[in-house]
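1. My questions are about this predicted structure, shown below with the sequence.
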Amino acid sequence: MSLDPAAASDRAQGPSGRRGRDELRFALRNPKLLAGGTVLALLLLTGLVGPVFTGGAPNAYVGPQYAPPSGDHWFGTTSFGQDVFTQFVHGLRATFAVGALGGGIAWVIGMAVGFLGGYRGGLVDEVLNMLTNIVLVLPAMVVLIIAAAYLQARGLLVQSLFIGLTTWPWAARAIRAQTFTLAGREFVDLARLSGRRTWRVILREVAPNMYSYLVMSFILLFGGAVLIAAGLDFIGLGPTEGVSLGLMMHHSVSWGALHLGTWWWFVPPGVGITAVVGSLYIANVGLDEVFNPRLREL
């Protein structure tokens, strides 16, 4: 009797293994995920590798003032003779860094609060839910503006920390609701009765059954952190040193790029921010179709 190797592998891996293979197959065929992921990967590669090839500091005076795009300066120069392309690639790196740090901090806090409140319930859930509601009703942008205005030295890490500490509540509430649903399942009750500790049950039994939701939550928090950071940078409350896409737009507007018609100063950072956030959301829609069989395009 012959045995199909693929069928044997599926039986050995069980339902979770087959589900993972199906999701990978649909992911490789999903045009939204492929398009968003490709654009995001190209932008990330540009931000990581670009500064190595451009060389020099992004704020160095390297050319004539207000020079349009050319072979020497691909994106032209600023009113101070700074190379816009060099600033752009450094700004991309800062954009991905603040998205990863700010979104990552919010994601970790949201998961910790949501998992613990949804799993333990009772007084623990009431206290955590009250804390979540308090932070949720605070106008995050106003809090960030006030905090940034009173800080004499503002860096990328401080900005990311403030963003992460003010944007986690919605993720916590959503994860809490999902955890409530899973906490009453039989496999979770069996793990609890076996004497496992709370976090071991959450990490081993609850979290793996909602990994798709956690991945998409991180993507949304990442994109939100990028937009909030760009908004703070644009109004002049970004890092006091360095360069970012939002700061590029702030400086271009402050020095009259719109009135002077030097479009090459403010268009690249605006397109960069739009491309990063847009590709994230497109990829997120594609992931939703991959993880949800009802949305898959056959």
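-> Noted; the coordinates are in hand. Numbers count the residues shown, from 1 in each chain.
2. can you pull the buried residues of stretch 112-127?
-> Buried positions in stretch 112-127, judged by neighbour count with 16 or more other Cβ atoms under 10 Å: 112, 113, 114, 115, 116, 117, 118, 119, 125. All C-beta atoms are positioned from the backbone trio N, CA, C, and that covers glycine.
3. could you redo those residues as TSV and give each row distance to residue 168, pLDDT and secondary structure?
-> Below are the buried residues of stretch 112-127 laid out as TSV (distance: Cβ to Cβ, whole Å; pLDDT from 0 to 100; DSSP: H, G, I helix; E, B strand; the rest coil):
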residue	distance to residue 168	pLDDT	secondary structure
112	9	93	helix
113	7	94	helix
114	9	93	helix
115	13	93	helix
116	13	92	helix
117	13	91	helix
118	15	90	helix
119	17	89	helix
125	16	89	helix
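4. hang on, residue 280 packs against residue 222?
-> Yes - Residue 280 is within contact range of residue 222, at 6.2 Å (criterion: Cβ atoms under 8 Å).
5. picking up where we left off before, how about the buried residues of stretch 112-127 in CSV, adding distance to residue 191?
-> What follows is the buried residues of stretch 112-127, written out as CSV (distance: Cβ to Cβ, whole Å):
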residue, distance to residue 191
112, 19
113, 21
114, 18
115, 14
116, 16
117, 18
118, 15
119, 11
125, 19
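6. can you map out the helices along the protein?
-> 5-29, 31-54, 84-120, 122-137, 140-150, 156-166, 169-183, 186-193, 198-201, 211-234, 245-254, 257-260, 263-291 (DSSP state H).
7. Relative to residue 75, which of those helices is closest?
-> With Cβ to Cβ as the criterion, residue 75 lies closest to helix 84-120 of these, at 3.7 Å.
8. sorry, back to before: of the buried residues of stretch 112-127, closest to residue 95?
-> residue 112 (26.1 Å).
9. what's the distance between the closest one and residue 202?
-> 10 Å (Cβ to Cβ, to the nearest Å).
10. again with residue 256
-> 55 Å.
11. Spatially central residue in the protein, please.
-> residue 222 (1.4 Å; Cα atoms, centre = their mean).
12. Tell me who's in contact with that residue.
-> Shown in contact with residue 222 (Cβ atoms under 8 Å, 6 or more residues apart in numbering): 99, 100, 103, 104, 280.
13. of all the residues you listed, which comes closest to residue 163?
-> Closest to residue 163, out of all of the contacts of residue 222 and judged by Cβ to Cβ, is residue 103, at 8.0 Å.
14. Could you double-check that the closest one lies in contact with residue 227?
-> No - contact criterion Cβ under 8 Å: residue 103 and residue 227 do not qualify, at 10.7 Å.
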